[in-house]
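Engineer: coords please:
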Amino acid sequence: MDPAKNVNLNIKHCTGCGLCLYVCPDSVFEISSEKKVKIVGEKCISCGHCVAVCPEHVIAISSLPELLYFKSFTEKTTWISYGEGDLAGLVQLLRSRRSCRNFLSKPVPKDLLEDLVKIGTTAPSGTNSQEWIFSILPARGDVVKFGDKIAYFYKRLNKKAKNPFLRLYAKLFLKDNLGRYYRRYYQTIASGLKEWDEERKDRLFHGATAAVLVGSTCNASCPAEDAMLATQNILIAAHLMGLGTCLIGFAVEAMKQDKTLKEFLSIQDDHSIYAVIAIGYPAEKYVKVTGRKSVTPHYPFL
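Structural biologist: Have a look, this model is predicted:
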């Protein structure tokens with residue numbers, strides 16, 4: 001983006017401290033002979049570092065509103081300094097968030113869902129592209145309609161996987177993708193589809209009353225990474241809102257393979273979905289956090 005069109009300077013109050021030069025990743029600024037900041041760069045990624053660092057509030061970015069205007073809580077805009085904040089509380093929150101597979105029938109207010117999307121946009125993104133896309137299914141009926149479409153996809157896939165000749169063809173020419181699916185998922189999917197058809201038991205979205213799909217446009221430099229970072233923000237924030245969440249990988253895979261699912265949700269063909277989040281009020285409660293598998297970091301140069 002052209003800095004001349006995006007960056008607004010109130011140089012009357014500029015002290016020439018140079019902090020904006022120090023943090024700018026695109027070398028947008030210089031200090032003039034009058035000891036005032038001026039724009040010299042040819043591009044700006046709108047990261048907002050200059051705005052955040054300026055002690056005199058000289059700089060504004062026209063493409064970045066200062067407030068996100070949340071509906072369910074009041075935003076705080078002061079910066080938490082490095083080393084400040086409740087680290088133990090943060091880790092407790094991260095460990096307390098669990099995948100929820102039992103939801104109440106209580107609907108989630110749209111204000112909460114829209115606030116979750118805004119919270120998702122506070123995540124970092126490659127070259128600060130912020131090319132996320134979010135689709136909200138705000139009601140249980142919407143989730144069910146989407147679930148029906150996904151069920152139809154897996155019915156067709158299971159029919160193919162059940163055919164030994166197609167599995168042999170896939171083994172010879174398609175790296176055994178159909179065979180791997182058959183051995184790992186066929187029976188589980190078949191059982192889930194039967195329960196969905198005969199009892200309307202929801203083994204996919206677990207009875208969630210809403211869902212948020214997180215993706216990115218083709219213009220993003222790191223589309224999958226950007227989407228998953230935004231997704232993590234949503235998962236953690238939802239817990240603090242009193243909501244349960246669960247990532248639905250089967251829905252993501254179905255959307256990768258069946259373009260009609262994106263058409264059904266009016267998602268553009270050049271937009272990709274990387275996460276489908278089931279959201280609702282949880283019908284489960286825990287009393288403690290649990291352990292994690294131990295990890296041994298790799299030090300390549302030691």
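Engineer: can you give me the offset of stretch 24-34 from its chain's centre?
Structural biologist: 34 Å (CA atoms, centre = their mean, to the nearest Å).
Engineer: before we move on, what about stretch 145-162?
Structural biologist: Centroid separation between stretch 145-162 and its chain, computed with CA atoms, centre = their mean, is 25 Å.
Engineer: Going by neighbour count, which residues of that stretch are buried?
Structural biologist: Neighbour counts using 16 or more other CB atoms under 10 Å place 146-147, 149-151, 153-154, 157-158, 161 of stretch 145-162 among the buried residues. (Each C-beta comes from the backbone N, C-alpha and C, glycine too.)
Engineer: which of the residues you listed lies closest to residue 205?
Structural biologist: Distance to residue 205 across the buried residues of stretch 145-162 (CB to CB) is lowest for residue 147, with 5.7 Å.
Engineer: quick one: the residue positioned nearest the centre of the chain from residue 212, how far?
Structural biologist: If you average the C-alpha coordinates of the chain and look for the closest C-alpha using CA atoms, centre = their mean, you land on residue 231, 2.5 Å from that point. Summarising the geometry, the distance separating residue 231 from residue 212, computed by CB to CB, to the nearest Å, is 9 Å.
Engineer: Residue 277 too?
Structural biologist: Using CB to CB, one gets 5 Å for the distance from residue 277 to residue 212.
Engineer: re earlier: so what's in contact with residue 231 and residue 212 at the same time?
Structural biologist: Common contacts of residue 231 and residue 212 (CB atoms under 8 Å, 6 or more residues apart in numbering): residue 277.
Engineer: ranges for the strands of this protein?
Structural biologist: 7-9, 29-31, 37-39, 59-61, 132-137, 210-217, 244-247, 271-280 (DSSP state E).
Engineer: Low-confidence regions, the stretch 101-250 of the chain specifically.
Structural biologist: The model of the stretch 101-250 of the chain has no residue with pLDDT under 70.
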